[in-house]
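[1] sequence plus the predicted model coming up.
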Amino acid sequence: MDRLECMHAFVATVNANGFAAAARMLGVPRSKVSKQIQALEEALGVQLLLRTTRSLHLTESGSDYYEACREVLASVDEAEQRARSSLAEVQGVLRVNAPMSFGLCRLGPLIPRFYQRHPKVELQLVFSDQQVDPVKGGFDVTIRIASLADSSMVARHLAPAPRVLVASPDYLKHKGIPRIPRDLAAHQCLNYGYLQGGVSLQLSNGRETQSVHVTGPLHANNGDLLAQAAEAGMGIALLPTFIVKKALEEGRLVCVMSDWQAPPISINAVYPTARRIPLKTRTFLDFLVQELSN
């Protein structure tokens, strides 16, 4: 018995509400469909269908098995599509939205490499620090760096986005070096966002967690700007390492309280719900996962 072929016959019979209609749909004799379902019932040891002269009805076991068959057949179909797509050429317009700092620091250098591999993909990149609606914006992929809230969109984790507290050596020389999170309340902090009256930072050293309310002379929605302000001695900023890596290596910024960590956030790709992700989208996401892990 070909189990998958019998499952196809069973699902078709339920959908068509009859052996004859299912046989026409599958292009096989009615007797074959009937025998396939009978073979399934014998193999399972349960009755799947209640047959009358005029109609068919699923048994309770048949109803559960029908749903399971649909999932199995859908998975097989998806696997076949993926196998075929490996031979297809990646092409088409791909619209991508990303935060400005990430787009320039991390995504920008990768684009020529992606183009070399897939020259028939036309990339349309939109960098913005505003949180856009991917559907209304018409984006195939939206990059977000945060802890994602529940939504109707699908999210794929691309890479972690570790953050560090940084300040300029000159600022620390004049203002002192904070040792524990509560010390930050007496410092100038450069904050992401526009919350008036400061923000609350939660930091942990693995043994305890402290929350501290911090204020400062600058609020902005761009990490590069906050990094520049920190270099200029305006205060202490909590920023992703991909933004401050070079400044740390060159000594223009130094880490503060490196044994205290902010809650982890990650780099995620968000895209509309779909059973089959377009080949161009899946290829781009696979590329980002590989490159960002290096």
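    Everything's here; your move.
[2] show me where the stretch 1-150 of the chain has its helices.
    3-16, 19-26, 30-44, 60-85, 100-102, 108-117, 134-137 (DSSP state H, counting those that start in this stretch).
[3] would you mind writing the CA trace of the first one as PDB?
    So the one you mean is helix 3-16. Once non-C-alpha atoms are left out, helix 3-16 reads as follows in PDB (Å, rounded to 0.1, in the frame of the first residue of the first chain):
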ATOM      1  CA  ARG A   3       0.300   5.300   2.300                       C
ATOM      2  CA  LEU A   4       0.600   8.800   0.800                       C
ATOM      3  CA  GLU A   5      -1.400   7.900  -2.200                       C
ATOM      4  CA  CYS A   6      -4.100   6.400   0.000                       C
ATOM      5  CA  MET A   7      -4.100   9.600   2.200                       C
ATOM      6  CA  HIS A   8      -4.600  11.700  -1.000                       C
ATOM      7  CA  ALA A   9      -7.500   9.500  -1.900                       C
ATOM      8  CA  PHE A  10      -9.000   9.800   1.600                       C
ATOM      9  CA  VAL A  11      -8.700  13.600   1.700                       C
ATOM     10  CA  ALA A  12     -10.100  13.900  -1.800                       C
ATOM     11  CA  THR A  13     -13.100  11.700  -1.000                       C
ATOM     12  CA  VAL A  14     -13.900  13.800   2.100                       C
ATOM     13  CA  ASN A  15     -13.500  17.100   0.200                       C
ATOM     14  CA  ALA A  16     -15.600  15.900  -2.700                       C
END
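[4] which strand in the chain runs the most residues?
    Secondary structure of the chain per DSSP state E: the longest strand is strand 209-220.
[5] need the contact list for the residue lying closest to residue 138 once chain neighbours are set aside.
    Using C-beta to C-beta, 6 or more residues apart in numbering and skipping residues adjacent in sequence, the residue nearest residue 138 is residue 95, 5.8 Å away. In this view, the C-beta of every residue, glycine as well, is placed from N, C-alpha and C. Neighbouring residues of residue 95 by C-beta atoms under 8 Å, 6 or more residues apart in numbering: 124, 126, 137-141.
[6] one more time with 6 Å, if that's ok
    Shown in contact with residue 95 (C-beta atoms under 6 Å, 6 or more residues apart in numbering): 124, 138-140.
[7] which stretches in the stretch 51-200 of the chain count as strands?
    With DSSP state E, counting those that start in this stretch as the criterion, the stretch 51-200 of the chain has strands at 56-58, 92-98, 121-127, 141-146, 154-160, 163-167, 188-192, 199-204.
[8] ok, back up a step: tell me the buried residues within the contacts of residue 95.
    Buried by 16 or more other C-beta atoms under 10 Å: 139-140, out of the contacts of residue 95.
[9] so which one among the contacts of residue 95 has the lowest pLDDT?
    Minimum pLDDT across the contacts of residue 95 is recorded for residue 138, with 84.
[10] returning to what we had before: can you list the residues that contact the longest strand of the chain?
    By C-beta under 6 Å, 6+ apart, strand 209-220 touches 181-182, 184-185, 188-191, 194, 198, 200-203, 226, 229, 234-235.
[11] so which bits of that strand are buried?
    212, 214-216, 219-220.
[12] kindly state the beta-bridge partners for the nearest residue to residue 181 once chain neighbours are set aside.
    Spatial nearest neighbour of residue 181, chain neighbours left out: residue 210 (4.0 Å); criterion: C-beta to C-beta, 6+ apart. According to DSSP bridges, the partner residues bridging residue 210 are residue 203.
[13] before we move on, the earlier item: quick check: of the contacts of residue 95, which lies closest to residue 19?
    residue 140 (43.4 Å; C-beta to C-beta).
[14] phi and psi next, for the closest one.
    Main-chain dihedrals, residue 140, degrees, to the nearest 10: phi -80, psi -40.
[15] quick one: it from residue 248, how far?
    Counting by C-beta to C-beta, to the nearest Å, the gap from residue 140 to residue 248 is 34 Å.
[16] next one: the helix or strand of the chain with the lowest mean pLDDT to chain centre, how far?
    For the chain, counting by mean pLDDT, DSSP states H and E, helix 134-137 ranks last in confidence among helices and strands (a mean of 78). The chain centroid and the centroid of helix 134-137 are separated by 16 Å under C-alpha atoms, centre = their mean, to the nearest Å.
[17] contacts made by it with the rest, please.
    142, 270.
[18] how's this structure carved up into domains?
    3-85, 92-161+266-292, 163-256 (automatic domain parsing).
[19] show me what contacts the most centrally placed residue in the chain?
    Geometric centre of the chain, nearest residue: residue 156, 1.9 Å, by C-alpha atoms, centre = their mean. Residue 156 makes contact with 269, 285 under the criterion C-beta under 6 Å, 6+ apart.
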